[in-house]
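Colleague: Sequence isn't available, so here's the structure alone:
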């Protein structure tokens with residue numbers, strides 16, 4: 001039951017996850033076996049992860065790891081599993097690319113030594129975002145390709161993460177002049193359409209592109225942007241609400257509504273802070289400063305840059321551009337305002 005929950009939590013409706021998790025809890029209570037308790041802890045953590053409760057998920061995976069290390073000698077597959085999940089939370093969600101890096105790279109070295117290619121591929125993908133943050137996009141891309149070669153058919157969530165990280169690399173390098181629909185879109189829609197957590201990435205992906213297109217003067221992207229933002233809000237998840245606020249701040253600024261843009265940017269920052277997603281909160285604060293401009297705006301940007309550097313981000317401008325600064329304020333807002341006003 002625990003393994004089912006861990007494997008399926010991101011891919012099937014919630015109604016199919018909760019009953020086996022409840023059964024798992026009942027069976028574990030009857031046995032009180034350390035191995036069972038570790039798996040139950042991991043299952044609960046994975047459930048929390050895909051509900052957007054990242055701190056609870058991280059704590060659950062850490063607890064499961066401790067039980068496995070202390071009481072379950074030889075449970076290498078299960079140990080790898082909980083470490084894989086913990087690393088994604090550390091880097092993809094919390095966005096701390098500095099304090100845990102020695103530890104997680106040691107896990108990768110151990111997986112390489114054991115020739116556990118699936119585990120090492122998971123960790124390579126999880127670390128790719130670290131290398132982007134460290135201003136090494138070429139290394140990130142190389143690690144993603146190696147993970148695909150060595151990991152074989154990774155499937156599901158990992159494919160979604162690879163597709164999104166490839167997008168982030170392109171935006172970081174500013175090489176996304178033209179959108180190319182193809183295998184990446186198919187991967188996102190093929191694996192991420194059944195749960196609010198993963199399907200949110202599809203709408204995030206669409207809105208990223210729609211905002212970039214609209215900032216270049218293509219008004220045909222307007223409907224896609226507004227629909228995708230509305231869909232993100234419709235999930236009722238705190239993480240997607242914070243993302244929607246960040247995206248809408250950019251959208252309404254393109255429409256010429258600076259005050260609403262500032263309000264959405266502030267709401268996004270606060271939403272990410274409540275989720276302890278400090279890196280994305282800093283990106284939202286930086287964008288807020290760019291929209292505000294002037295002395296106060298410059299102060300917000302300086303504070304955001306300092307926080308990003310503390311978290312391990314090397315090039316704060318390129319990094320924030322890859323997330324919430326989907327267009328340059330000065331270059332995009334004025335040329336599109338006339339066309340945007342006609343859409344009101």
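Modeller: Perfect, I can see it now. Just so you know, these numbers come straight off a predicted model, no measurement behind them.
Colleague: Would you mind pulling up the elements that the helix ranked longest in the chain packs against?
Modeller: As assigned by DSSP state H, the longest helix anywhere in the chain is helix 196-215. When contacts are defined as 3 or more CB pairs under 8 Å, 6 or more residues apart in numbering; DSSP states H and E, helix 196-215 sits against helix 157-173, helix 183-191, helix 222-234, helix 238-254, helix 329-341. Every residue, glycine included, has its C-beta placed from N, CA and C.
Colleague: rerun that using 6 Å as the cut-off
Modeller: Applying 3 or more CB pairs under 6 Å, 6 or more residues apart in numbering; DSSP states H and E, we find helix 196-215 packed against helix 222-234, helix 238-254.
Colleague: mean pLDDT for the ones you listed: which is lowest?
Modeller: Mean pLDDT per stretch puts helix 222-234 lowest among these, at a mean of 88.
Colleague: okay, the angle between that helix and helix 238-254?
Modeller: 150 degrees (axes from the mean of the first three to the mean of the last three CA atoms, to 10 degrees).
Colleague: now the angle between helix 196-215 and helix 222-234, please.
Modeller: Angle, helix 222-234 to helix 196-215, by the same axes, to 10 degrees: 150 degrees.
Colleague: What are the phi and psi values at residue 114?
Modeller: Dihedral pair for residue 114: phi -80, psi 0, per degrees, to the nearest 10.
Colleague: Please tell me how far the residue nearest to it when sequence neighbours are not counted sits from residue 268.
Modeller: Nearest residue to residue 114, sequence neighbours excluded (CB to CB, 6 or more residues apart in numbering): residue 76, at 7.3 Å. In this view, residue 76 and residue 268 are 41 Å apart by CB to CB, to the nearest Å.
Colleague: With neighbour numbers in mind, choose between those two.
Modeller: residue 268 (28 against 15; other CB atoms under 10 Å).
Colleague: Secondary structure element holding that one?
Modeller: Secondary structure assignment for residue 268, by DSSP states H and E: helix 258-274.
Colleague: What is that helix packed up against?
Modeller: Checked by 3+ CB pairs under 6 Å, 6+ apart, helix 258-274 has helix 238-254, helix 278-292 packed alongside it.
Colleague: If you compare the directions of the first one and helix 258-274, what angle comes out?
Modeller: In other words, helix 238-254. With the same axes, to 10 degrees applied, the angle from helix 238-254 to helix 258-274 works out at 160 degrees.
Colleague: Could you do the last one as well?
Modeller: Helix 278-292 and helix 258-274 are oriented at 170 degrees to each other (the same axes, to 10 degrees).
Colleague: Provide a list of residues in contact with the nearest residue to residue 325 once chain neighbours are set aside.
Modeller: In this structure, residue 325 finds its nearest non-sequential neighbour in residue 287, 5.6 Å apart by CB to CB, 6+ apart. Counting by CB atoms under 6 Å, 6 or more residues apart in numbering, residue 287 makes contact with 265, 324-325.
Colleague: Let's have those residues in a markdown table, adding pLDDT.
Modeller: As requested, the contacts of residue 287 are exported to a markdown table (pLDDT from 0 to 100):
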| residue | pLDDT |
| --- | --- |
| 265 | 95 |
| 324 | 77 |
| 325 | 70 |
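Colleague: out of the residues you listed, which one sits closest to residue 109?
Modeller: residue 324 (33.8 Å; CB to CB).
Colleague: Contacts only, for that closest one.
Modeller: By CB under 6 Å, 6+ apart, residue 324 lies in contact with 246, 283-284, 287.
Colleague: Now tell me what touches the helix or strand hosting residue 118 from outside.
Modeller: Residue 118 is part of helix 117-133 when elements are defined by DSSP H and E. Residues outside helix 117-133 that contact it (CB under 6 Å, 6+ apart): 80, 84, 87-88, 91, 97, 108, 111-112, 139-140, 143-144, 147, 150-151, 158, 161-162, 165, 172, 312-313.
Colleague: Can you give me the buried ones in that helix?
Modeller: For helix 117-133, burial by neighbour count (16 or more other CB atoms under 10 Å) applies to 117-133.
Colleague: ok, now stretch 210-220?
Modeller: Buried positions in stretch 210-220, judged by neighbour count with 16+ other CB under 10 Å: 210-215.
Colleague: Now the two most distant members of those residues.
Modeller: 210 and 215, at 9.6 Å, using CB to CB across those.
Colleague: In which helix or strand does residue 150 reside?
Modeller: Element membership for residue 150 (DSSP H and E) is helix 137-151.
Colleague: Run through the neighbouring helices and strands of that helix.
Modeller: Under the contact criterion of 3+ CB pairs under 6 Å, 6+ apart, helix 137-151 touches helix 117-133, helix 157-173.
Colleague: Helix 157-173 and that helix, what's the angle between them?
Modeller: Comparing the axes of helix 137-151 and helix 157-173 via the same axes, to 10 degrees yields an angle of 160 degrees.
Colleague: Good, we can wrap up now.
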